[in-house]
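Student: Sequence first, predicted model second:
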Amino acid sequence: MLTAVKRIKGLGVFGDFAAPDALPPFARYNIIYGENGSGKTTLSRLFAVLGTGAHPEFPGLEYALDSQSGPLTHGQAYARKVRVFNADYVEANIGQFQGPLR
């Protein structure tokens, strides 16, 4: 299980993000919310590619995450499945809300 985001560099609004010490660790289930443009979708897209360890649109990406099985960094595939339900998921699995659902 992912427990914390420590650092993200070179990913959209996360040009050079370092987590504050007061940021609590993730729980079993987490909801990420915020204003438009605050990085919710960008962060969810990072989580969605953890299985491969690289983001195809951001080759210079650097990140450091903590998990119960140890630290994760860019280039290192995460063995556990991370489920992300964002606009990309809706488009790929449900489609537009105009017309029949997939």
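Tutor: Nice, thanks for sending it over.
Student: elements contacting the longest helix along the chain?
Tutor: For the chain, the longest helix by residue count, based on DSSP state H, is helix 40-48. Counting contacts by 3 or more CB pairs under 8 Å, 6 or more residues apart in numbering; DSSP states H and E, helix 40-48 is packed against strand 2-11, helix 87-93. Every C-beta, even on glycine, is put in place using the N, C-alpha and C of the backbone.
Student: Out of the ones you listed, which is the most enclosed?
Tutor: Highest mean neighbour count among the helices and strands packed on helix 40-48 (mean count of other CB atoms under 10 Å): strand 2-11, with a mean of 18.
Student: Pull up the pairing partners for that strand, direction included.
Tutor: Next to strand 2-11 in the sheet, as set by DSSP bridges, lie strand 14-18 (antiparallel), strand 62-67 (antiparallel).
Student: Is it possible to get TSV of those strands that adds mean pLDDT and distance to residue 43?
Tutor: Formatted as TSV, the strands paired with strand 2-11 follow (pLDDT from 0 to 100; distance: least, CB to CB, whole Å):
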stretch	mean pLDDT	distance to residue 43
strand 14-18	94	7
strand 62-67	94	10
